[in-house]
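**Q** Here's my sequence, what's the structure:
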Amino acid sequence: MWPVPLRRPPRVSVVRLSGMIGAGGRFAGGLNDAALAPLLERAFRRGKPAAVALAINSPGGSPVQSSLIGARIRRLAEESEVPVHAFVEDLAASGGYWLAAAADDIWVDAASVVGSIGVISAGFGFAEAIGRIGVERRVHTAGRSKSFLDPFQPEKADDVARLKALQEPIHQAFIAHVEARRGAKLARDTDLFTGDVWVGAQAVDLGLADGVAHMVPKLKALYGDKVRLVAYGPRRSLFSRLGRAAAGGALEAAEERIMRAGYGL
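**A** Numbering: from 1, shown residues only. Next comes the predicted model:
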């Protein structure tokens, strides 16, 4: 008789999406599509995984990078016919929720902060300060719109109107993504797209998440007690790890702390 082949336990690829979302040059230690592309390819295609689990802990960042990463997750999921589960840790806000919504279901901790479906632009104004210290601002442009929201000049109503005109289509794209991914699960008696956030079971009640659950017990419930979790993370050189502690990395870390503080974290 031929020996009966041993059946391997199912494996689930685990990808950690932690940090701010932004273009690679600025957010070397954060999340961007170019850096995540090979990692996600391996997670979906290596070893025929039963599923991919996303461990998400992000205050958001670039809407374009959020869209690119989310679209890549969906494309790989559909091409490989692999389900995707998102597990929110402290925070999936703004672009962080965009990533979570790319999954087939979203699971949160009872204290996870979820939502912030909106667009923000923040800055400072120094128009009066430079005058006090005797600095004269000189700006020369070809094209009347080249000097836009200059922090060293008084804020102009036309500039604010232009900014809002730029923000609105981005917000609508975010709403369309959430509507497409969450569909009938979303509560219709609450405006979910004001930029507000909700915690744990509140997010579940509103349809922004599917339940309160942690990764390991939930994946065991879905795929059996013998499920193997295989972690996929970025391969960073010694130089890049040291660079993260340098001035650029320190500024990035400070900006991320500021963003998280906006959600009480």
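
**Q** what's the distance between Asp105 and Phe87?
**A** Relative to Phe87, Asp105 is positioned 10 Å away (criterion: CB to CB, to the nearest Å). Any C-beta I mention is one placed from the backbone N, CA and C, and that applies to glycine too.

**Q** How about Ala201?
**A** In terms of CB to CB, Ala201 sits 16 Å off from Phe87.

**Q** Which one's more surrounded, these two?
**A** The residue with more neighbours, out of Ala201 and Phe87, is Phe87; 26 against 14, by other CB atoms under 10 Å.

**Q** dump the residue contacts of that one.
**A** By CB atoms under 8 Å, 6 or more residues apart in numbering, the contact set of Phe87 is 53-56, 107-108, 213-215, 218.

**Q** can you map out the helices along the stretch 51-200 of the chain?
**A** Assigned by DSSP state H, counting those that start in this stretch, the helices in the stretch 51-200 of the chain fall at 63-80, 95-101, 127-132, 157-182.

**Q** which stretch in these has the least confidence?
**A** When those are compared by mean pLDDT, helix 127-132 comes last with a mean of 70.

**Q** can you give me the strands in the protein?
**A** For the chain, the strands defined by DSSP state E cover 11-18, 51-58, 84-93, 105-108, 113-115, 197-199, 211-212, 228-232.

**Q** between the ones you listed, which one is nearest to Ala176?
**A** Smallest distance to Ala176 across the strands of the chain (CB to CB): 16.3 Å, for strand 113-115.

**Q** For the closest one, enumerate the helices and strands it packs against.
**A** strand 84-93, helix 95-101, strand 197-199 (3 or more CB pairs under 8 Å, 6 or more residues apart in numbering; DSSP states H and E).

**Q** quick one: stretch 39-56 to chain centroid distance?
**A** Its chain's average C-alpha position is 17 Å from that of stretch 39-56, according to CA atoms, centre = their mean, to the nearest Å.

**Q** Any buried residues in that stretch, and which?
**A** 39-40, 43-44, 49-56 (16 or more other CB atoms under 10 Å).

**Q** and for it, what are the contacting residues?
**A** Contacts for stretch 39-56 (CB under 8 Å, 6+ apart): 10-18, 72-73, 76-77, 79-80, 82-89, 92, 96, 99-100, 102-103, 215, 219, 222-223, 227, 229-230, 232-234.

**Q** Can you tell me the centre-most residue of the protein?
**A** For the chain, the residue nearest the mean C-alpha position is Gly96 (2.5 Å; CA atoms, centre = their mean).

**Q** just to revisit the earlier point, can you put the helices of the stretch 51-200 of the chain in JSON lines and add distance to Leu208?
**A** Below are the helices of the stretch 51-200 of the chain laid out as JSON lines (distance: least, CB to CB, whole Å):
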{"stretch": "helix 63-80", "distance to Leu208": "15"}
{"stretch": "helix 95-101", "distance to Leu208": "7"}
{"stretch": "helix 127-132", "distance to Leu208": "40"}
{"stretch": "helix 157-182", "distance to Leu208": "7"}
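
**Q** Could you identify which of the ones you listed is most buried?
**A** Comparing those by mean neighbour count (mean count of other CB atoms under 10 Å), helix 95-101 comes out on top with a mean of 28.

**Q** helices or strands next to that helix in the packing?
**A** Packing partners of helix 95-101 (3+ CB pairs under 8 Å, 6+ apart): strand 51-58, helix 63-80, strand 84-93, strand 113-115, helix 157-182.

**Q** May I see the helices and strands packed on strand 113-115 organised as TSV, with distance to Asp205 added?
**A** Shown next, in TSV, are those (distance: least, CB to CB, whole Å):
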stretch	distance to Asp205
strand 84-93	15
helix 95-101	16
strand 197-199	8
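
**Q** nearest to Ala184, of these?
**A** helix 95-101 (14.2 Å).

**Q** quick one: low-confidence ranges for the stretch 151-265 of the chain?
**A** Applying pLDDT under 70 to the stretch 151-265 of the chain picks out residues 152, 234-265.

**Q** Out of the helices and strands packed on helix 95-101, which is closest to Asp33?
**A** That would be helix 63-80 among these, by CB to CB, at 3.8 Å.
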